[in-house]
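Colleague: Kindly generate the corresponding structure for this input.
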Amino acid sequence: MHEEIIFSGFGGQGALFAGQVMTYAGMEAGWEVTWIPSYGPEMRGGTAHCTVILSDQPIGSPIIRNPTVAVVLNPESMDKYEPLVRPGGLLVVNSTLIRRPAVRDDITAVHVPANELAVQASGAADGSAGNSKMANVVLLGAMLAQKPIVSLEAVEKVLEARLTGAKRRFIEPNKRALHVGAEWVLDRAVTRVAYSVGLW
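Modeller: So this is what the prediction gives:
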């Protein structure tokens, strides 16, 4: 197993956090891992991406030229990384902000309305409005539903271990966001299969 993953978006969208969570989950699974962040000049509001490698062999270089997976949160990231995904690879797209479809036909592209799903996942039990700040975790769940490199349970354990102190209140909303993203992909996979065999 050897996966090279890029998470990319605006600063403040949580691309680096999603990459960190994936890295820690890989460590817990016993993989060799690397995580390298990169910030644009403005940080919040500028560009931010990170590269994650998970492998069952020693990692020779942390540099990724053609990722097996790219998770893109904004249009600039889509334009930059769609052409670089390895043929046969996976592109996970935040369709809330990225309005165009993927143009390549040699990769799998999954378009997820991550901001809307994050609002749904983070809404309070009393019905008060949620927010879109967990779109990154929605996309992480979507990625793992399409390509289960690590389990959702492993990611949940990382969230419980890494969100400490005042941030503990975000554990359950993040777990919900993770599962909402995964369910979005799995529900559509079931629908496609049903249509293809003539059930609907």
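Colleague: What are the boundaries of the helices in this protein?
Modeller: Assigned by DSSP state H, the helices in the chain fall at 15-28, 75-81, 114-122, 135-146, 152-162, 171-196.
Colleague: got any ranges where the protein has weak pLDDT?
Modeller: Low-confidence segments of the chain (pLDDT under 70): 40-46, 123-131, 189-200.
Colleague: can you rerun that using 90?
Modeller: Judged by pLDDT under 90, the chain has its weakly predicted residues at 1, 11-12, 38-47, 60-62, 120-133, 187-200.
Colleague: Please name whichever of the helices of the chain is nearest to Leu54.
Modeller: helix 15-28 (4.0 Å; CB to CB). Quick note: C-beta positions are derived from backbone N, CA and C, even for glycine.
Colleague: what does that closest one contact?
Modeller: 5, 7-9, 33-35, 37, 48-52, 54, 71, 73, 136-137, 139-140, 149-150, 154-155, 157-159, 161-162 (CB atoms under 8 Å, 6 or more residues apart in numbering).
Colleague: Centre of the chain to that helix, how far?
Modeller: 10 Å (CA atoms, centre = their mean, to the nearest Å).
Colleague: Alpha carbons of it, in PDB - could you do that?
Modeller: Output of helix 15-28 as PDB, limited to C-alpha atoms (Å, rounded to 0.1, in the frame of the first residue of the first chain):
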ATOM      1  CA  ALA A  15      -6.900  21.500   4.700                       C
ATOM      2  CA  LEU A  16      -3.900  21.200   7.000                       C
ATOM      3  CA  PHE A  17      -6.000  19.800   9.800                       C
ATOM      4  CA  ALA A  18      -7.600  17.200   7.500                       C
ATOM      5  CA  GLY A  19      -4.100  16.100   6.500                       C
ATOM      6  CA  GLN A  20      -3.000  15.900  10.100                       C
ATOM      7  CA  VAL A  21      -5.900  13.800  11.000                       C
ATOM      8  CA  MET A  22      -5.200  11.500   8.100                       C
ATOM      9  CA  THR A  23      -1.600  11.200   9.100                       C
ATOM     10  CA  TYR A  24      -2.300  10.400  12.700                       C
ATOM     11  CA  ALA A  25      -4.800   7.800  11.600                       C
ATOM     12  CA  GLY A  26      -2.200   6.200   9.400                       C
ATOM     13  CA  MET A  27       0.300   6.100  12.200                       C
ATOM     14  CA  GLU A  28      -2.300   4.400  14.400                       C
END
